[in-house]
Structures are given as structure tokens and as C-alpha cells.
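**Q** what follows is a predicted structure for the sequence shown.
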Amino acid sequence: NRCSDMGIIWGRVNKNLMSIEYLDKMRTLCEENDIEFVLMKAPILYPIWHDEYEEQVAAYAEKYGLLYINFYDHLEEMGIDWNTDTYDAGLHLNVYGAEKLSKYLGRVLSEECSVPDRRSEDAIASKWAVKVEKYMNRKTDIKLSLLIKRAEWLMYQAGLKPVQLMRMTKITGFHIFLSI
């Protein structure tokens, strides 16, 4: 059994030992190509991340000398607020939470893995600028969608019924038509 040194707990947590097999395959592939393999656990409130899971992943990382980041342990450092940084009460980060996690991860990779910031290099800068512009446009669309959802909720709470709620693209606002 390839996981015998991981203990019985792994077998209880994951009846199908395929995950450890594929984790090993990814780690080996990274080693063969001189790529640092980093394990991370996203910050979520549910499903529950049991202590047994944490112990197993930490033990695997220690066994192979891998960096392991449990982002749940760094919520305060990242500034994650479950009310504003998730769109489903703690299962998935929204764009704001993802930005906070990305900035934190970037700092960790820079400090722990010596990953350089190459965004200003000539070969990358123009491509980076295009991607940032697309991202910012998408972020604006997401903000408008969130505003519309909040407006719909407030109208519902006030007993108002929206006849039509339109989001106008490429503008900074939206129109709400009410039936009173």
C-alpha cells in the first residue's frame, strides 16, 4: 500500500486511494521537470475541513518537503470577510475575496519560492496590460450584477415588484422600472 506510512486515517477519509496516487503523479512530474509543487487549501467555511484531512495533507507535504498553505489559517492576514468576499456564504470566494487570496499567494510564492514578479518585463508587459483590462471590465460587470441583485432584494423587502431590471453594458449604472 503506497499510503501505509500515511496511516489508517487516509483510508477512512478517502476510500478510493486514487487521490493519493494522482497526487504522487503530480509531485513526481513536477520533480522530473524541476518545478516546485505547492499544496494549498482554499479558505472555505463548508464542507467541513476535518483535522484529519489537515493532518494528512500536512504530513504529505512534510514527507516530501513541499510548501503547504492552508489559507483558512491566514484569513485575518488576507483580510477575508465572509460577508463581502464570498458570493455563497463561505463556499466560494467572489472577485474581491479572490483578489485578496491572489495577492497573499503572490507574496508567499515570492518569499517562499523565489518566484519573481515579471509583469514589467517587455515580453510580458503588453500581454499583462490586455489581461488586466479584460479583468477590470469583467470585474465591473460583476459589480453591476451584485448591485442589481441587492436592488432586487431591497425592492422585495420593501414590497415592490420590479417589472424590468436592465443592466446596461459599458456604463456605470442601471435602470430599475417599478410597478407600484
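**A** Thanks, I have it.
**Q** for stretch 61-80, which positions count as buried?
**A** Ala61, Leu66, Tyr68, Ile69, Asn70, Phe71, His74, Leu75, Met78, Ile80 (16 or more other Cβ atoms under 10 Å). Just so you know, the C-beta spots here come from the backbone N, C-alpha and C atoms, and that holds for glycine as well.
**Q** I should have written stretch 27-34 there, sorry.
**A** Neighbour-count burial for stretch 27-34 [16+ other Cβ under 10 Å]: Arg27.
**Q** tell me which residues of the helix ranked longest in the chain are tucked away?
**A** Identified as the longest helix of the chain according to DSSP state H is helix 122-157. By neighbour count on 16+ other Cβ under 10 Å, the buried set for helix 122-157 is Leu144, Ile148.
**Q** for the buried residues of stretch 61-80, work out which two are farthest apart.
**A** Leu66 and Ile80 (23.8 Å; Cβ to Cβ).
**Q** hang on, the earlier thing: for Val115, state which of the buried residues of stretch 61-80 is nearest.
**A** The closest of these to Val115 turns out to be Ile69 (Cβ to Cβ; 13.5 Å).
**Q** make sure the closest one is indeed in a strand.
**A** Yes: under DSSP: H, G, I helix; E, B strand; the rest coil, Ile69 falls within a strand.
**Q** related to what we said a few turns ago, packing partners for the longest helix of the chain?
**A** helix 95-113, strand 161-167, strand 174-179 (3 or more Cβ pairs under 8 Å, 6 or more residues apart in numbering; DSSP states H and E).
**Q** let's go with 7 Å and repeat that
**A** Here helix 122-157 touches strand 161-167, strand 174-179, going by 3 or more Cβ pairs under 7 Å, 6 or more residues apart in numbering; DSSP states H and E.
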